[in-house]
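Q: can you look at this prediction? I've put the sequence above it.
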Amino acid sequence: MTEPLSLFDDIFSDLGPAFKEVIESKVLKYEDIEGELELMDPNDTEEVLGEAGAPICMKDGHFHLGRVREPCVGAGCRIDSYCEVGRKVGSFHTHPLVGVWPSIPDMETSSRESEVFFCIGGRLKDDRPYAACYISTGKKLFINPFVPFYQFSEEPRGNIRFWRQEPEMETEELLSEVFSDRDLAWEFGDEPEFEDIECDTEEELGARIRERILETGDMPERYYDFADSPEGEWDTLDSYAPEQGERLMGEAFDRLALYYNAQGRYL
Ligand SMILES: [Zn+2]
(Lines give C-alpha, C1' and ligand atoms only; values in the text may rest on other atoms or scores of the structure.)
Protein backbone atom coordinates (compact mmCIF):
# COMPACT_ATOMS: atom_id res chain seq x y z
CA MET A 1 0.00 0.00 0.00
CA THR A 2 1.21 3.47 -0.88
CA GLU A 3 1.77 5.92 1.93
CA PRO A 4 -1.52 7.72 2.68
CA LEU A 5 -0.27 11.19 1.76
CA SER A 6 0.77 10.35 -1.76
CA LEU A 7 -2.34 8.21 -2.10
CA PHE A 8 -4.42 11.36 -1.58
CA ASP A 9 -2.54 13.01 -4.44
CA ASP A 10 -3.30 10.05 -6.70
CA ILE A 11 -6.94 9.99 -5.65
CA PHE A 12 -7.52 13.68 -6.27
CA SER A 13 -5.60 13.84 -9.51
CA ASP A 14 -7.38 10.81 -10.98
CA LEU A 15 -10.84 11.50 -9.58
CA GLY A 16 -11.04 15.23 -8.85
CA PRO A 17 -12.56 16.21 -12.22
CA ALA A 18 -15.16 13.41 -12.02
CA PHE A 19 -16.06 14.37 -8.44
CA LYS A 20 -16.45 17.97 -9.55
CA GLU A 21 -18.75 17.09 -12.39
CA VAL A 22 -21.06 15.02 -10.18
CA ILE A 23 -21.17 17.71 -7.50
CA GLU A 24 -21.88 20.50 -9.96
CA SER A 25 -24.73 18.61 -11.54
CA LYS A 26 -26.25 16.99 -8.43
CA VAL A 27 -25.69 19.20 -5.41
CA LEU A 28 -27.81 22.33 -5.09
CA LYS A 29 -26.22 25.57 -4.00
CA TYR A 30 -26.73 26.77 -0.45
CA GLU A 31 -28.77 29.76 -1.59
CA ASP A 32 -31.18 27.41 -3.36
CA ILE A 33 -31.76 25.43 -0.19
CA GLU A 34 -31.61 28.19 2.39
CA GLY A 35 -35.32 28.90 2.48
CA GLU A 36 -36.34 25.26 2.70
CA LEU A 37 -37.35 24.36 6.21
CA GLU A 38 -39.84 21.64 5.64
CA LEU A 39 -40.15 19.18 2.81
CA MET A 40 -43.34 17.20 2.74
CA ASP A 41 -43.53 16.21 -0.90
CA PRO A 42 -41.20 13.29 -1.70
CA ASN A 43 -40.32 14.93 -5.01
CA ASP A 44 -39.12 18.07 -3.26
CA THR A 45 -37.21 15.97 -0.77
CA GLU A 46 -35.53 14.13 -3.56
CA GLU A 47 -34.62 17.31 -5.37
CA VAL A 48 -33.19 19.05 -2.32
CA LEU A 49 -31.76 16.15 -0.34
CA GLY A 50 -31.13 13.48 -2.94
CA GLU A 51 -27.66 11.97 -2.98
CA ALA A 52 -25.70 10.60 -5.88
CA GLY A 53 -23.08 7.91 -5.55
CA ALA A 54 -20.69 5.77 -7.52
CA PRO A 55 -18.09 3.11 -6.91
CA ILE A 56 -14.43 4.05 -7.18
CA CYS A 57 -12.67 1.54 -9.35
CA MET A 58 -9.05 0.79 -10.07
CA LYS A 59 -7.52 -0.36 -13.31
CA ASP A 60 -3.90 -0.29 -14.46
CA GLY A 61 -2.82 1.70 -11.43
CA HIS A 62 -5.37 4.48 -11.92
CA PHE A 63 -8.65 5.29 -10.24
CA HIS A 64 -11.87 6.04 -12.06
CA LEU A 65 -15.46 6.60 -11.09
CA GLY A 66 -17.98 3.89 -11.93
CA ARG A 67 -21.55 4.49 -12.97
CA VAL A 68 -23.28 7.22 -10.99
CA ARG A 69 -26.58 6.36 -9.35
CA GLU A 70 -29.07 8.52 -7.50
CA PRO A 71 -31.14 6.25 -5.39
CA CYS A 72 -31.86 7.71 -2.01
CA VAL A 73 -32.32 10.41 0.55
CA GLY A 74 -31.15 11.19 4.04
CA ALA A 75 -28.52 10.16 6.56
CA GLY A 76 -27.31 6.66 5.97
CA CYS A 77 -27.95 6.72 2.28
CA ARG A 78 -25.21 4.73 0.66
CA ILE A 79 -24.82 3.35 -2.77
CA ASP A 80 -23.85 -0.27 -3.14
CA SER A 81 -22.54 -0.92 -6.58
CA TYR A 82 -19.86 -2.70 -8.47
CA CYS A 83 -17.31 -1.75 -11.10
CA GLU A 84 -17.97 -2.57 -14.71
CA VAL A 85 -14.30 -2.03 -15.46
CA GLY A 86 -11.51 -2.75 -13.00
CA ARG A 87 -12.02 -3.65 -9.36
CA LYS A 88 -13.85 -1.71 -6.71
CA VAL A 89 -11.57 -0.11 -4.15
CA GLY A 90 -13.85 2.53 -2.69
CA SER A 91 -16.87 4.71 -3.18
CA PHE A 92 -17.93 8.27 -3.69
CA HIS A 93 -21.21 9.92 -2.76
CA THR A 94 -22.55 13.42 -2.39
CA HIS A 95 -23.96 15.19 0.63
CA PRO A 96 -26.68 17.69 -0.17
CA LEU A 97 -25.96 20.06 2.74
CA VAL A 98 -22.79 21.74 3.96
CA GLY A 99 -20.50 19.14 5.54
CA VAL A 100 -18.92 16.15 3.90
CA TRP A 101 -17.96 14.32 7.05
CA PRO A 102 -19.13 10.70 7.01
CA SER A 103 -22.27 9.64 8.82
CA ILE A 104 -22.04 6.55 10.99
CA PRO A 105 -23.79 4.43 8.34
CA ASP A 106 -21.30 5.80 5.79
CA MET A 107 -18.44 4.47 7.90
CA GLU A 108 -20.11 1.20 8.71
CA THR A 109 -20.92 0.51 5.08
CA SER A 110 -17.41 1.34 3.97
CA SER A 111 -15.91 -1.00 6.50
CA ARG A 112 -18.40 -3.77 5.72
CA GLU A 113 -17.50 -3.53 2.06
CA SER A 114 -13.77 -3.54 2.87
CA GLU A 115 -13.17 -0.31 0.99
CA VAL A 116 -9.61 0.99 0.98
CA PHE A 117 -10.99 4.51 1.09
CA PHE A 118 -14.13 6.50 0.36
CA CYS A 119 -14.83 10.07 -0.61
CA ILE A 120 -17.73 12.42 -0.04
CA GLY A 121 -18.38 15.52 -2.09
CA GLY A 122 -20.50 18.60 -1.69
CA ARG A 123 -20.30 22.36 -1.72
CA LEU A 124 -18.42 24.44 0.80
CA LYS A 125 -17.31 28.04 0.91
CA ASP A 126 -18.90 30.17 -1.83
CA ASP A 127 -20.71 27.03 -2.98
CA ARG A 128 -17.48 25.69 -4.50
CA PRO A 129 -17.29 21.94 -5.15
CA TYR A 130 -15.26 20.25 -2.45
CA ALA A 131 -14.52 16.62 -1.66
CA ALA A 132 -12.97 14.86 1.28
CA CYS A 133 -11.49 11.39 1.18
CA TYR A 134 -11.09 8.99 4.06
CA ILE A 135 -8.46 6.28 4.11
CA SER A 136 -9.06 3.72 6.81
CA THR A 137 -6.33 3.41 9.44
CA GLY A 138 -7.43 -0.16 10.05
CA LYS A 139 -8.68 0.64 13.54
CA LYS A 140 -12.09 -0.86 14.19
CA LEU A 141 -14.83 1.71 14.53
CA PHE A 142 -16.34 1.99 17.99
CA ILE A 143 -19.64 3.78 18.30
CA ASN A 144 -21.02 4.80 21.67
CA PRO A 145 -24.74 4.91 21.02
CA PHE A 146 -25.33 7.29 23.93
CA VAL A 147 -23.09 10.08 22.73
CA PRO A 148 -23.34 11.95 19.42
CA PHE A 149 -20.33 10.97 17.31
CA TYR A 150 -19.60 14.53 16.24
CA GLN A 151 -19.84 17.36 18.73
CA PHE A 152 -19.21 20.52 16.80
CA SER A 153 -18.35 23.77 18.51
CA GLU A 154 -20.73 25.67 16.21
CA GLU A 155 -24.48 25.47 16.01
CA PRO A 156 -26.21 24.74 12.71
CA ARG A 157 -27.88 27.74 11.11
CA GLY A 158 -31.08 25.83 10.89
CA ASN A 159 -32.45 22.46 10.09
CA ILE A 160 -34.48 20.90 7.38
CA ARG A 161 -37.36 18.71 8.34
CA PHE A 162 -38.34 16.23 5.74
CA TRP A 163 -40.78 13.41 5.32
CA ARG A 164 -38.81 10.21 4.85
CA GLN A 165 -40.68 7.49 3.08
CA GLU A 166 -39.52 4.30 1.48
CA PRO A 167 -40.67 4.00 -2.10
CA GLU A 168 -43.45 1.54 -2.82
CA MET A 169 -42.32 -1.88 -3.93
CA GLU A 170 -42.19 -2.25 -7.69
CA THR A 171 -44.52 -4.72 -9.35
CA GLU A 172 -41.64 -6.84 -10.63
CA GLU A 173 -40.13 -6.95 -7.17
CA LEU A 174 -43.47 -8.02 -5.69
CA LEU A 175 -43.76 -10.80 -8.23
CA SER A 176 -40.28 -12.12 -7.69
CA GLU A 177 -39.96 -11.61 -3.94
CA VAL A 178 -43.43 -11.89 -2.49
CA PHE A 179 -45.91 -13.77 -4.65
CA SER A 180 -45.56 -17.37 -5.76
CA ASP A 181 -47.80 -18.63 -8.59
CA ARG A 182 -49.99 -20.28 -5.98
CA ASP A 183 -50.32 -17.00 -4.06
CA LEU A 184 -51.30 -15.20 -7.23
CA ALA A 185 -53.97 -17.81 -8.05
CA TRP A 186 -55.27 -17.78 -4.51
CA GLU A 187 -55.40 -14.00 -4.08
CA PHE A 188 -56.41 -12.87 -7.53
CA GLY A 189 -57.92 -15.90 -9.26
CA ASP A 190 -61.50 -14.71 -8.65
CA GLU A 191 -60.94 -11.18 -9.87
CA PRO A 192 -63.09 -10.34 -12.90
CA GLU A 193 -60.06 -9.35 -14.97
CA PHE A 194 -58.75 -12.91 -14.83
CA GLU A 195 -62.07 -14.71 -15.24
CA ASP A 196 -61.38 -15.62 -18.83
CA ILE A 197 -58.26 -17.61 -18.01
CA GLU A 198 -58.86 -21.31 -18.42
CA CYS A 199 -56.51 -23.84 -16.91
CA ASP A 200 -56.34 -26.97 -14.82
CA THR A 201 -54.18 -26.21 -11.86
CA GLU A 202 -53.69 -23.35 -9.43
CA GLU A 203 -50.03 -23.06 -10.44
CA GLU A 204 -51.00 -22.72 -14.07
CA LEU A 205 -53.59 -20.08 -13.24
CA GLY A 206 -51.03 -18.23 -11.12
CA ALA A 207 -48.46 -18.34 -13.90
CA ARG A 208 -50.98 -16.89 -16.37
CA ILE A 209 -51.93 -14.14 -13.91
CA ARG A 210 -48.25 -13.36 -13.48
CA GLU A 211 -47.85 -12.94 -17.24
CA ARG A 212 -50.82 -10.59 -17.40
CA ILE A 213 -49.55 -8.49 -14.50
CA LEU A 214 -46.13 -8.20 -16.12
CA GLU A 215 -47.78 -7.07 -19.35
CA THR A 216 -49.71 -4.27 -17.67
CA GLY A 217 -47.03 -3.44 -15.12
CA ASP A 218 -49.55 -2.97 -12.31
CA MET A 219 -50.74 -5.28 -9.58
CA PRO A 220 -54.48 -6.06 -9.63
CA GLU A 221 -56.74 -3.56 -7.82
CA ARG A 222 -57.26 -5.96 -4.96
CA TYR A 223 -53.59 -5.70 -4.02
CA TYR A 224 -53.78 -1.93 -3.59
CA ASP A 225 -56.99 -2.23 -1.60
CA PHE A 226 -55.23 -4.37 0.93
CA ALA A 227 -51.62 -3.20 0.92
CA ASP A 228 -50.58 -0.42 3.23
CA SER A 229 -48.33 2.17 1.69
CA PRO A 230 -44.92 2.10 3.34
CA GLU A 231 -45.00 4.27 6.42
CA GLY A 232 -42.98 7.43 6.49
CA GLU A 233 -41.60 9.46 9.33
CA TRP A 234 -40.30 12.94 9.94
CA ASP A 235 -36.56 13.26 9.91
CA THR A 236 -34.29 16.25 10.42
CA LEU A 237 -30.96 17.27 8.98
CA ASP A 238 -28.81 20.03 10.42
CA SER A 239 -28.08 22.79 7.99
CA TYR A 240 -24.78 24.65 8.33
CA ALA A 241 -23.74 27.75 6.41
CA PRO A 242 -20.97 27.55 3.77
CA GLU A 243 -18.66 29.82 5.78
CA GLN A 244 -18.78 27.37 8.69
CA GLY A 245 -17.77 24.46 6.48
CA GLU A 246 -13.99 24.53 6.66
CA ARG A 247 -13.88 24.90 10.44
CA LEU A 248 -16.35 22.06 10.89
CA MET A 249 -14.43 19.83 8.48
CA GLY A 250 -11.34 20.43 10.62
CA GLU A 251 -13.23 19.37 13.74
CA ALA A 252 -14.62 16.33 11.98
CA PHE A 253 -11.15 15.28 10.79
CA ASP A 254 -9.86 15.53 14.39
CA ARG A 255 -12.72 13.39 15.62
CA LEU A 256 -12.09 10.80 12.91
CA ALA A 257 -8.31 10.73 13.21
CA LEU A 258 -8.20 7.40 15.00
CA TYR A 259 -10.12 5.70 12.22
CA TYR A 260 -9.28 7.60 9.09
CA ASN A 261 -6.54 9.62 7.47
CA ALA A 262 -8.63 12.35 5.97
CA GLN A 263 -8.04 15.13 3.51
CA GLY A 264 -10.38 17.61 1.85
CA ARG A 265 -9.80 19.75 -1.20
CA TYR A 266 -11.62 22.21 -3.40
CA LEU A 267 -11.96 20.79 -6.87
ZN1 LIG B 1 -23.06 10.12 3.52
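A: That came through, no problem. Predicted model only: the values in this text are computed from it and were never measured.

Q: ok, the nearest residue to Tyr30 once chain neighbours are set aside - contacts?
A: Nearest residue to Tyr30 in three dimensions, chain neighbours excluded: Pro242, at 5.1 Å (Cβ to Cβ, 6 or more residues apart in numbering). C-beta here means a position set from N, CA and C on the backbone, and glycine is covered the same way. The neighbourhood of Pro242, defined by Cβ atoms under 8 Å, 6 or more residues apart in numbering, consists of 30, 98, 123-127.

Q: so what pLDDT did Pro242 get?
A: pLDDT recorded at Pro242 is 94.

Q: how about Gly76?
A: In this model, Gly76 is scored at 47, pLDDT.

Q: got it, and Asp10?
A: pLDDT, Asp10: 96.

Q: angles on the backbone of Phe63, please.
A: Main-chain dihedrals, Phe63, degrees, to the nearest 10: phi -90, psi 150.

Q: what bridges to it?
A: Met58 (DSSP bridges).

Q: separation between it and the ion?
A: From Phe63 across to the ion, the span is 19 Å (Cβ to the ion, to the nearest Å).

Q: pretty sure that residue sits against Cys57.
A: Yes - in terms of Cβ atoms under 8 Å, Phe63 counts as a neighbour of Cys57; the distance is 7.0 Å.

Q: what touches both of the two?
A: In contact with both Phe63 and Cys57: Val89, using Cβ under 8 Å, 6+ apart.

Q: show me how far stretch 199-210 is from its chain's centre.
A: With Cα atoms, centre = their mean, to the nearest Å as the basis, stretch 199-210 stands 39 Å off its chain's centre.

Q: and it, what's its mean pLDDT?
A: According to the model, stretch 199-210 has a mean pLDDT of 94.

Q: buried ones in stretch 190-207?
A: By neighbour count with 16 or more other Cβ atoms under 10 Å, stretch 190-207 contains the buried residues 194, 197, 205-207.

Q: before we move on, the earlier item: now the two most distant members of the contacts of Pro242.
A: Val98 and Asp126 (11.5 Å; Cβ to Cβ).
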